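J.: pasted the sequence and its predicted model underneath.
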Amino acid sequence: MKIINQDIDSGKPFDWGKTSSDYAKFRDIYPQEFYQMIVGRKLCLEGQSVLDIGTGTGVLPRNMYQYGAEWTAADISENQIKQAKILSKGMDIDYYVVSTEDISFSDNSFDVITACQCFWYFNHETVMPKFYHMLRPGGRILVLYMAWLPFEDKIAGASEKLVLKYNPNWSGAGETKHPIDIPDCYKENFSLVYHEEFTVRIPFTRESWNGRMKACRGIGASLTGKEVSAWEQEHRTLLGQIAPDEFDILHYVAIAELKKD
């Protein structure tokens, strides 16, 4: 499903379903520290019911499944959910194809709502009251994010410049380490009780880094097939010039935990 948001990529349409196969293969890259950060907050554990919104290929519920929570996951893209079901075969995760704005679960259904790599896509004036009603008393919203740091990592910076060459309106460029921005409307019903930001080094090969970049919104989710092929050819040549066979890319991880008042 195409998404158009004037605040993202100057309104250029994007569709995660176009890049689902690459997303499934190349974007399950969060380090153990990422998941331990969640466990350390005593969230998404046995005895808790969790809703993961914008789940994509189910990266978060699949990797947190071992900790025993009861998971429900939703995404606007049918192709993303298809990949999520394939990758989570044997796991008892309930998947739904639905936009976050249209989600409808009963009041007091969940202990935790998670949003990983997707929080800025939502209409918060619409979804915030839904989150409030779906969460049980004292429930949490957990917002999670990880991004490469182009100004501090030479390879990441060069790859990002090439994305901008093919998609100048891509607004995902230029990340720096900072706390997650929480819209003001959440202050009506939630309190920010915790946030943390830290850097990590994520291992890649030329192949997996090319795949990770290809599966970003600025390339695979928004360009035509011909444009993606041209970008990929140029990107592989670039990596052959600037990157060894194996390398790390500097990222930062951010978490924001909101408690239902």
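T.: That came through fine. In this text the structure is predicted, and so the values were computed from the model without any measurement.
J.: drop to CA atoms for contacts and neighbour counts, all remaining ones
T.: OK.
J.: can you pull out the strands in the stretch 151-261 of the chain?
T.: 190-205, 246-260 (DSSP state E, counting those that start in this stretch).
J.: the first one vs strand 246-260, what angle?
T.: Right, the one you point to is strand 190-205. Angle of strand 190-205 versus strand 246-260, following axes from the mean of the first three to the mean of the last three C-alpha atoms, to 10 degrees, is 170 degrees.
J.: next, count neighbours for the closest residue to Gly218 other than its chain neighbours.
T.: Leaving out its chain neighbours, the residue that sits closest to Gly218 by C-alpha to C-alpha, 6 or more residues apart in numbering is Trp170, at 5.4 Å. For Trp170, the neighbour count with other C-alpha atoms under 10 Å is 20.
J.: from here on, call the first residue 53.
T.: Fine by me, first position is 53 from now on; the one you just mentioned is Trp222.
J.: now do the helices in the stretch 203-313 of the chain.
T.: 206-218, 258-266, 277-294 (DSSP state H, counting those that start in this stretch).
J.: which of those is buried the deepest?
T.: helix 258-266 (a mean of 19; mean count of other C-alpha atoms under 10 Å).
J.: and the angle from that one to helix 206-218?
T.: 40 degrees.
J.: CA-only coordinates of helix 258-266 in PDB, if you can.
T.: In PDB, the C-alpha atoms belonging to helix 258-266 read as follows (Å, rounded to 0.1, in the frame of the first residue of the first chain):
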ATOM      1  CA  ARG A 258      29.300  -5.700   1.300                       C
ATOM      2  CA  GLU A 259      26.400  -7.900   0.300                       C
ATOM      3  CA  SER A 260      24.400  -7.400   3.500                       C
ATOM      4  CA  TRP A 261      25.100  -3.600   3.700                       C
ATOM      5  CA  ASN A 262      24.000  -3.200   0.100                       C
ATOM      6  CA  GLY A 263      20.800  -5.100   1.000                       C
ATOM      7  CA  ARG A 264      20.200  -3.000   4.100                       C
ATOM      8  CA  MET A 265      20.500   0.200   2.100                       C
ATOM      9  CA  LYS A 266      18.400  -1.200  -0.700                       C
END
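J.: so what's Trp261 closest to, chain neighbours aside?
T.: Phe78 (7.9 Å).
J.: so who does the one you found touch?
T.: 260-261, 263-264, 267 (C-alpha atoms under 8 Å, 6 or more residues apart in numbering).
J.: just the endpoints, please. Distance across stretch 226-244?
T.: Terminal residues of stretch 226-244 lie 26 Å apart, using C-alpha to C-alpha, to the nearest Å.
J.: so for it, what's the average pLDDT?
T.: Averaged across stretch 226-244, the pLDDT comes to 97.
J.: burial count for Thr152?
T.: So Thr152, with other C-alpha under 10 Å, has 21 neighbours.
J.: for Phe183, see how far away the closest residue to it other than its chain neighbours is.
T.: The shortest distance from Thr152 to any non-neighbouring residue, by C-alpha to C-alpha, 6+ apart, is to Ile105 (6.4 Å). Distance of Ile105 to Phe183, given as C-alpha to C-alpha: 10 Å.
J.: right, and Ala225 touches Glu212 too?
T.: Yes. Counting by C-alpha atoms under 8 Å, Ala225 does reach Glu212; the two are 6.7 Å apart.
J.: what residues are shared contacts of the two?
T.: In contact with both Ala225 and Glu212: Pro202, using C-alpha under 8 Å, 6+ apart.
J.: Ala121 and Gln100 touch, don't they?
T.: Yes. Using C-alpha under 8 Å, Ala121 is in contact with Gln100, at 5.1 Å.
J.: would you mind telling me which of the two has more residues around it?
T.: Shown here are Ala121 and Gln100; by other C-alpha under 10 Å, Ala121 has more neighbours (20 against 15).
J.: now do the residue nearest to Thr152, the pLDDT please.
T.: For Ile105, the model assigns a pLDDT of 98.
J.: so how many other residues sit close to it?
T.: Around Ile105 there are 24 residues (other C-alpha under 10 Å).
J.: that one bridge partners, please.
T.: Ala126, Ala167 (DSSP bridges).
J.: just give the closest residue to Arg246, not the sequence neighbours.
T.: Slight slip there: residue 246 is Tyr, not Arg. With C-alpha to C-alpha, 6+ apart as the criterion, Tyr246 has its nearest non-adjacent residue at 5.1 Å, and that residue is Glu309.
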